[in-house]
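Participant: Need coordinates for the following:
(chains A and B)
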Amino acid sequence: SQQGEEDPQALSIQEGENATMNCSYKTSINNLQWYRQNSGRGLVHLILIRSNEREKHSGRLRVTLDTSKKSSSLLITASRAADTASYFCATAGQGAQKLVFGQGTRLTINP
Amino acid sequence: DVKVTQSSRYLVKRTGEKVFLECVQDMDHENMFWYRQDPGLGLRLIYFSYDVKMKEKGDIPEGYSVSREKKERFSLILESASTNQTSMYLCASRNPGLGDNQPQHFGDGTRLSIL
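Facilitator: All right, here's what the predicted structure looks like:
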């Protein structure tokens, strides 16, 4: 079952600009995770935010979580061509062993 | 770094064949997962395994089975391949022993075509 919905489905920006992707979900969660997928490859874990956290940073990545609105956002600052990829949010419920993925945002960084 | 290795990047099989997709992880993780990824549908969980010889159906198990005889290896089996099983298959592993807030680690995927 698909829980997450991501917005936008596709995003194209110029190198150096910031990119923001949003994720909404339906049920209570233990944590929310963001993954990146380069074309034709597997997913790479970027960042995990727990349900009791509101904001988390990792390098050029900033993730926010609003459990009252059941939504999260991923901000990539100072984008680079190498950031071109699809980005997926995934939620973990109680027990946290299984993930439910959104359909992803396809990000294109134009040089 | 965790390494999850899927035996084939690309595979072409014929309708009705029995197909085996293999996945091996090198970090002694208890949990392993099989997903399929299709355009517009995202990643969908086929089966997962909590530990050796333990398995549980995911969201779309029909037409698939799995085997986990050793901790490091999780096999996905298409009993009688059909064209609607043409897809990208992704394997992942996870270590629950470090607590709930552990990510999954993915292989590079197998792009399977059934003709």
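
Participant: Could you pull up the contacting residues of the nearest residue to B:Gly97 once chain neighbours are set aside?
Facilitator: Spatial nearest neighbour of B:Gly97, excluding adjacent residues (C-beta to C-beta, 6 or more residues apart in numbering or on different chains): B:Glu30 at 6.8 Å. Where you see a C-beta, it was placed from the backbone N, CA and C, and this is true even at glycine. The contact partners of B:Glu30, by C-beta atoms under 8 Å, 6 or more residues apart in numbering or on different chains, come to B:50-51, B:71, B:94-97.

Participant: which one of those residues is nearest chain A?
Facilitator: Of all these, B:Pro96 has the smallest distance to chain A: 6.2 Å, by C-beta to the nearest C-beta.

Participant: burial count for that closest one?
Facilitator: By other C-beta atoms under 10 Å in any protein chain shown, 15 other residues sit near B:Pro96.

Participant: Ok, A:Asn18 next?
Facilitator: Neighbour count of A:Asn18, defined by other C-beta under 10 Å: 12.

Participant: Quick check: pLDDT value at the nearest residue to it once chain neighbours are set aside.
Facilitator: The shortest distance from A:Asn18 to any non-neighbouring residue, by C-beta to C-beta, 6+ apart, is to A:Thr77 (5.1 Å). At A:Thr77, the pLDDT value in this model is 97.

Participant: got the contact list for A:Thr77?
Facilitator: By C-beta under 8 Å, 6+ apart, A:Thr77 lies in contact with A:18, A:60-62.

Participant: How about A:Leu65?
Facilitator: A:Leu65 touches A:32, A:49, A:51, A:53-55, A:71-72, counting by C-beta under 8 Å, 6+ apart.

Participant: how about 6 Å then?
Facilitator: Taking C-beta atoms under 6 Å, 6 or more residues apart in numbering or on different chains, we find A:Leu65 in contact with A:32, A:49, A:54, A:72.

Participant: Now go through these and say which are in helices.
Facilitator: When the contacts of A:Leu65 are checked against helices using DSSP state H, none is located there.

Participant: ok, of these, which one's closest to B:Phe20?
Facilitator: Taking C-beta to C-beta as the measure, B:Phe20 lies nearest A:Leu32 of the contacts of A:Leu65, at 33.9 Å.
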